[in-house]
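In: Make a model of this:
(4 chains)
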There are 4 protein chains.
Amino acid sequence: MVRIGLIGMGRIGRLHGENIANAIAGATLVAAADPMLNDEMKSWAESKGAKYIYADAEELINNPEVDAVFICSSTATHADFIIKSAGAGKHIFCEKPIHTDPAKIIEALDAVEKAGVKLQVGFVRRFDHNHKKVHDVVASGKLGNPHIIKVTSRDPEPAPIEYLRTSGGLFVDMMIHDFDMVRYLSGSEVTEVFAYGNVLIEPAIKEFGDIDTAIVSLKFANGALGVIDNSRAARYGYDQRTEVHADKGCVKVENDRDDMSEILTAEGTESAKPTWFFLERYTQAFIAETIAFVNAIENGEDVPVNGHDGLMPVYIAIAADKSLREGRVVKLDEVIL
Amino acid sequence: MVRIGLIGMGRIGRLHGENIANAIAGATLVAAADPMLNDEMKSWAESKGAKYIYADAEELINNPEVDAVFICSSTATHADFIIKSAGAGKHIFCEKPIHTDPAKIIEALDAVEKAGVKLQVGFVRRFDHNHKKVHDVVASGKLGNPHIIKVTSRDPEPAPIEYLRTSGGLFVDMMIHDFDMVRYLSGSEVTEVFAYGNVLIEPAIKEFGDIDTAIVSLKFANGALGVIDNSRAARYGYDQRTEVHADKGCVKVENDRDDMSEILTAEGTESAKPTWFFLERYTQAFIAETIAFVNAIENGEDVPVNGHDGLMPVYIAIAADKSLREGRVVKLDEVIL
Amino acid sequence: MVRIGLIGMGRIGRLHGENIANAIAGATLVAAADPMLNDEMKSWAESKGAKYIYADAEELINNPEVDAVFICSSTATHADFIIKSAGAGKHIFCEKPIHTDPAKIIEALDAVEKAGVKLQVGFVRRFDHNHKKVHDVVASGKLGNPHIIKVTSRDPEPAPIEYLRTSGGLFVDMMIHDFDMVRYLSGSEVTEVFAYGNVLIEPAIKEFGDIDTAIVSLKFANGALGVIDNSRAARYGYDQRTEVHADKGCVKVENDRDDMSEILTAEGTESAKPTWFFLERYTQAFIAETIAFVNAIENGEDVPVNGHDGLMPVYIAIAADKSLREGRVVKLDEVIL
Amino acid sequence: MVRIGLIGMGRIGRLHGENIANAIAGATLVAAADPMLNDEMKSWAESKGAKYIYADAEELINNPEVDAVFICSSTATHADFIIKSAGAGKHIFCEKPIHTDPAKIIEALDAVEKAGVKLQVGFVRRFDHNHKKVHDVVASGKLGNPHIIKVTSRDPEPAPIEYLRTSGGLFVDMMIHDFDMVRYLSGSEVTEVFAYGNVLIEPAIKEFGDIDTAIVSLKFANGALGVIDNSRAARYGYDQRTEVHADKGCVKVENDRDDMSEILTAEGTESAKPTWFFLERYTQAFIAETIAFVNAIENGEDVPVNGHDGLMPVYIAIAADKSLREGRVVKLDEVIL
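Out: Here you go, the predicted model:
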């Protein structure tokens, strides 16, 4: 039984806490911490079985009854909590991204390596039944070598403007999932990128130099080509499709739907909308990534999404941003430290 | 080159005439006849290349330049034209049904057999890419023995009440296609039927004792079970689906659609409607059945839908009608002459 | 917080127990009982938080800390446990069917009524996202009056022959879910049935007079017609489709799939199989029915599937069985007590 | 009745000839020409009703019984035949591309304008039921302004190496259709492009500097972004999908399939393959474009795909080629004459 301490009781932290408490046979929630700790958080943590509840995450990290930590605090704090947790000999699950500064990520990864603990990064989409199927078919080799990797990723509605202002921009906040996805699906590293972007949805984001619509082309070390399109407002739901073309054919996935119905009338044919957003679409994937983390600890195996996997998408995001601003192809070598 | 004479220049006659003139490489339209012959028909027939145009079908039948006749006149005349055409040594394509009276059909089939000419009956749905695929998969044996045969057949809108009044009733006018289809798909003969029917669409048809909605259960000689549902008004288009369950799995077909689009908005997901009606849905099937007929003549092979195939669905329709009226199972043996 | 006692710790009992313990915010598992109680069951029940664990269900029923019971024991015991639970003033969730003998069901329903407790019957499919969508669209009235109700229900593989021998037969063991479904979808009562059945999968079941393949036609009080097809072995997964045709069009649902992938190669196009069986397909529905039960208790509202809903499908099953054996239509009036 | 003269009796020429002879009510094939004229061509042309058959296309162009010409000869000859046909006052349908040299296209368009005849270019995909639906939905304005235009276009198998050697390269030979498509769907002009390409299918094409796999990003005058992916060998059929994301949602089309079947077994779920190649997929579109051309002549209306539409995709192809070779964004202004 892996005893888990949760750092951060915001939306994503509670999601993980609920899963650990209810849906993961091999884990238990023993502690929770949040710098903004209040009665409501305390009551929630107690109801999930946490014996220790802190305002100070370091106390949680140093609690000997905690085997592993889930870092679900704000992005800027991730790397430091990784370093402290590694120092305390705890296994670590960290929400993405580890940091927006690669130097800081490298520092954290070094600490993890030195401590010999496990670090898994929360690229949850790898655990989705659909994208995993695409990956598994490609990885099986039965389609031969990949030629083209395509990822469509579109949020249903834009996040609030205040969130967007400090999000780090579309590439590092949103497309970072897709940069991970193309690495996962292609089984290869991105070597260069070219980015087009525009503000077509929310004019206010122009003020802070962000975009809301983007198409990024990519080149991979294995010769494959890729393309990602992102939008902050699909309006019809969460558009999450992936597609790989290879020597012998292709594998692709459509969106999940709310149900499998069709209503046919003289006016037309109506089917259900794509699942609304990530909480609904990736419900099972959030559970699956935690099971994988717990299993890796219990069986002494490698985690399925490691520190390197946490670092590379940040480099790609930085390269994409540079490409957009300079209007040219950017090679990954230009940005890798 | 098979020289064809067309009897009947109504909607279905012209459809066949157009196909013979334009779409069938091995056939040519040499003659056309219609008892209501008028200038408009003459002009149409000439434009399709017909050299001989008659009011009297017998003149067409006896024209030595005619190798084969297409009987597209009113149902009541089919059997007599078959007998006369057979007598003149012509091959015959006859629209369904041959007749509503089995005794008359048998008389026609006897004439065909005596003359040694070919007779193909116009069960056009056997040539549809979808239903043919279901048939071919079942006939290949790769799914093993069939267990359940399901046919859904629903017209988009009811025919005019005047047409329905003299149509012979839902079973012989409409479901007859489905009685043929279950024989085609199951590869077996129907041994008994049970029919439920009701008037749920057009109250006026109660006056002449017809129904507009029906479910018919069937038993086959090979032990399989079947069910057909019919409606005179699906409203959303022509609902034409078939499905066979067998030892190792099932094969089923969805409706063709006007296009393969999806429109996704906050309001919902909209796709195209099923193809509207038989002229649109079975366009290619009408051509394919004529090619099959012409090939059978040219290669001296059996036609794919013969006189027996024309007779059996009429028996099943009679049994279904008897079942509905008497509220009981009717064995085919009760109605077979 | 509704305190629940679980009677029966077999497969379905544990499924409900897991849900109550982990997935239902308003309920808690306080007690569990099983006549075959062993250490493994005790350990399981403890891990789910049960404070009281019994071999004798009556002790559970009479425990004042139990607000409601879940009856998940063998079918023959359901009615008696209902009567005892009602006598003890407990609310009752009972797995289907209540009993195979309508007289015994009526006795149980009388006890429930007298006690003024709630009784919900476990027709879980009503809570499936797909079938519920069909129901909701029909119930909204936007398609007008229903004409045809179609239910396809096919298990992936036959249950063991020993199970089938004592199952009560296909109609009462398997199709009973579909008899409930047609009532749910049509919003009307079945007035008569006609059943065809055969043994096409497992010859051994002939010995005890059962069937493995069936088509049942139904007539409803509102004039609609219906058809259900069942098979004990679809082979490709759990085939669970429903479809309602009405005045203005139709609503239908396809099966859920393991994922939304397509693999396209020169050999063909491959998509995922339908979800394998009821545990996978109805995972969320099992949770939803328990939430509905708990909410009904907490809010003092009617349960969504009541005792009458538990009784009627048994009558229809009896009528279907009679129809199959006597080869004729059976009116429900013939079998209703 | 528009009297048409056909220049070129190769595959595409005969396709148009067959359609004119059989499927276009308002047109007739009166003449045909081919520099390689042989007995087989003569016999074919006669069977289609051509009264005049020439080796020299100029004789056809100058025949007073010819109202309009179909230029289906080799690409290098298109522009000169346009100039001559315009000089003779004939309306012109010309296969794509008009020429690979924009200067030559401009010369041809000038001649057309001076003569006041109609010129339609054979971008047949605009007449496909699927892509036309995407266009019509976008053009209706009901989705608002377009944000992202996506085109996937993949041939089933590579053309013979000898063909590819002289094809002009992937951009001008194959992706030119897609450059037309993005203009058609976006309702806007392309302002810049960035191209990635590679040789992943047929190493032999490296010898002449071509590619077989490409992803091209595009920017439009209206602010929208676009992406096209091409492959010479999809293997599974002809992959022809388009998709437009806009303010209020998206419209997208899946591939047509050979049929609408599904075969479900324990091994998996199999559906039909996408329609094989352009002759099968665009059968109806080839007829529709000719009907549109004939109607434009008869009604004195504008043709739906004019000379400007013939010129612009050639510019985009030249810019894409330049982008690929120079590894940078290329603005259309750089290549427009």
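In: how about the residues of the stretch 101-250 of chain A near chain B?
Out: By the rule C-beta under 8 Å from any C-beta of the partner chain, the part of the stretch 101-250 of chain A lying against chain B is A:A234, A:R235, A:Y236, A:G237, A:D239. C-beta coordinates here come from the backbone N, C-alpha and C atoms, glycine included.
In: give me the number of residues near the last one?
Out: Here the count is done by other C-beta atoms under 10 Å in any protein chain shown, and A:D239 has 21 residues near it.
In: In the beta-sheet assignment, what are the partners of it?
Out: Listed by DSSP bridges, the beta-bridge partners for A:D239 are A:R154.
In: For it, list the residues it contacts.
Out: Residues in contact with A:D239, defined by C-beta atoms under 8 Å, 6 or more residues apart in numbering or on different chains, are A:T152, A:S153, A:R154, A:S231, A:N255, A:P274, B:L264, D:C250.
In: what's the spacing between stretch A:108-122 and its chain's center?
Out: Centroid separation for stretch A:108-122 versus its chain: 17 Å, with C-alpha atoms, centre = their mean, to the nearest Å.
In: typo on my end, it should be stretch A:6-26
Out: In terms of C-alpha atoms, centre = their mean, the gap separating the centre of stretch A:6-26 from the centre of its chain is 16 Å.
In: same question, stretch A:273-282
Out: 15 Å.
In: got it, and stretch A:45-55?
Out: Relative to its parent chain, stretch A:45-55 has a centroid offset of 26 Å by C-alpha atoms, centre = their mean.
In: Could I have the CA atoms of that stretch written out in CSV?
Out: Once side chains and other backbone atoms are set aside, the C-alpha atoms of stretch A:45-55 remain, and they are given as CSV (Å, rounded to 0.1, in the frame of the first residue of the first chain):
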residue,chain,number,x,y,z
ALA,A,45,-9.1,16.0,3.2
GLU,A,46,-10.5,14.3,6.3
SER,A,47,-13.4,12.9,4.3
LYS,A,48,-10.8,11.4,2.0
GLY,A,49,-9.0,9.7,4.9
ALA,A,50,-6.0,12.0,5.3
LYS,A,51,-4.5,11.7,8.8
TYR,A,52,-2.2,14.7,8.4
ILE,A,53,-3.2,18.0,7.1
TYR,A,54,-0.8,20.9,6.7
ALA,A,55,-0.5,24.5,5.5
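In: List the neighbours of it that are in contact with it.
Out: Contacting residues not belonging to stretch A:45-55 are listed as A:5-6, A:9, A:17-18, A:20-21, A:28-37, A:41-42, A:59-60, A:63, A:65-66 [C-beta under 8 Å, 6+ apart].
In: Out of those, which sit inside strands?
Out: Those of those mapping onto strands are A:G5, A:L6, A:T28, A:L29, A:V30, A:A31, A:A32, A:A33, per DSSP state E.
In: returning to that earlier point: and the two most separated of the residues of the stretch 101-250 of chain A next to chain B?
Out: For those, the farthest-apart pair by C-beta to C-beta is A:R235 and A:D239; their separation is 9.6 Å.
In: buried residues in the helix ranked longest in chain A?
Out: For chain A, the longest helix by residue count, based on DSSP state H, is helix A:307-326. Going by neighbour count (16 or more other C-beta atoms under 10 Å in any protein chain shown), the buried part of helix A:307-326 is A:307, A:309-324.
In: number of nearby residues for A:D155?
Out: 20.
In: so what's it up against?
Out: Contacts of A:D155 were listed using C-beta under 8 Å, 6+ apart, and they are A:M174, A:S231, A:R232, A:A233, A:A234, A:Y238, A:F277.
In: repeat for A:R257
Out: By C-beta under 8 Å, 6+ apart, the contact list for A:R257 reads A:S271, A:A272, A:K273, A:P274, A:T275, B:T269.
In: separation between the fourth one and C:G223?
Out: Counting by C-beta to C-beta, to the nearest Å, the separation of A:P274 from C:G223 is 38 Å.
In: more neighbours, these two?
Out: Under the neighbour definition other C-beta under 10 Å, A:P274 and C:G223 were set side by side, and A:P274 has more, 24 against 15.
In: So what's the residue count around the residue of the stretch 1-150 of chain A found nearest chain D?
Out: Sorted by distance to chain D under C-beta to the nearest C-beta, the residues of the stretch 1-150 of chain A start with A:H147, at 4.7 Å. As a burial measure, the neighbour count of A:H147 was computed by other C-beta under 10 Å and equals 27.
In: Would you pull up the residue in the stretch 101-250 of chain A closest to chain B?
Out: A:Y236 (3.7 Å).
In: What strand or helix carries the nearest residue to that residue once chain neighbours are set aside?
Out: Closest residue in space to A:Y236, ignoring its immediate chain neighbours: B:L264 at 3.7 Å, by C-beta to C-beta, 6 or more residues apart in numbering or on different chains. When elements are defined using DSSP states H and E, B:L264 is found to belong to strand B:261-265.
In: Show me where the stretch 101-250 of chain A has its helices.
Out: Listed in chain order, the helices of the stretch 101-250 of chain A (DSSP state H, counting those that start in this stretch) span residues A:102-115, A:129-140, A:161-165, A:170-173, A:176-186.
In: how about JSON lines for those, with distance to chain C and mean pLDDT added?
Out: Supplementary listing: these in JSON lines, determined by distance: least, C-beta to the nearest C-beta, whole Å; pLDDT from 0 to 100:
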{"stretch": "helix A:102-115", "distance to chain C": "32", "mean pLDDT": "98"}
{"stretch": "helix A:129-140", "distance to chain C": "4", "mean pLDDT": "98"}
{"stretch": "helix A:161-165", "distance to chain C": "28", "mean pLDDT": "94"}
{"stretch": "helix A:170-173", "distance to chain C": "26", "mean pLDDT": "96"}
{"stretch": "helix A:176-186", "distance to chain C": "12", "mean pLDDT": "98"}
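In: Tabulate these (TSV), appending mean neighbour count.
Out: Below are the helices of the stretch 101-250 of chain A laid out as TSV (neighbours: other C-beta atoms under 10 Å in any protein chain shown):
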stretch	mean neighbour count
helix A:102-115	18
helix A:129-140	19
helix A:161-165	13
helix A:170-173	24
helix A:176-186	25
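In: Now render those helices as TSV, adding distance to D:G187.
Out: Formatted as TSV, the entries for the helices of the stretch 101-250 of chain A read as follows, by distance: least, C-beta to C-beta, whole Å:
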stretch	distance to D:G187
helix A:102-115	42
helix A:129-140	33
helix A:161-165	29
helix A:170-173	26
helix A:176-186	28
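In: Can you say which of these is nearest to B:V121?
Out: B:V121 lies closest, by C-beta to C-beta, to one member of the helices of the stretch 101-250 of chain A: helix A:129-140, at 46.8 Å.
In: how far out from the middle of the chain is the closest one?
Out: Taking C-alpha atoms, centre = their mean, the mean C-alpha location of helix A:129-140 is offset from the chain mean by 17 Å.
In: quick one: that helix to strand C:261-265, angle?
Out: 30 degrees (axes from the mean of the first three to the mean of the last three C-alpha atoms, to 10 degrees).
In: coming back round to it: going through the contacts of stretch A:45-55, which ones are buried?
Out: A:5-6, A:9, A:17-18, A:20-21, A:28-34, A:37, A:41-42, A:60, A:63, A:66.
In: ok, so what distance separates the residue with the largest distance to the centre of chain A from B:A234?
Out: The outermost residue of chain A relative to its centre, with distances by C-alpha atoms, centre = their mean, is A:A266 at 43.0 Å. Between A:A266 and B:A234 the computed distance is 9 Å (C-beta to C-beta).
In: Identify the contacts common to the two.
Out: Residues touching both A:A266 and B:A234 by C-beta under 8 Å, 6+ apart: C:G249.
In: name the helices or strands packed onto the longest helix of chain A?
Out: Contacts defined by 3 or more C-beta pairs under 8 Å, 6 or more residues apart in numbering or on different chains; DSSP states H and E place helix A:307-326 against helix A:102-115, strand A:119-121, helix A:170-173, helix A:176-186, strand A:190-198, strand A:213-220, strand A:330-331.
In: how about those in TSV, adding distance to A:K48?
Out: Formatted as TSV, the entries for those read as follows, by distance: least, C-beta to C-beta, whole Å:
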stretch	distance to A:K48
helix A:102-115	27
strand A:119-121	21
helix A:170-173	28
helix A:176-186	27
strand A:190-198	39
strand A:213-220	38
strand A:330-331	44
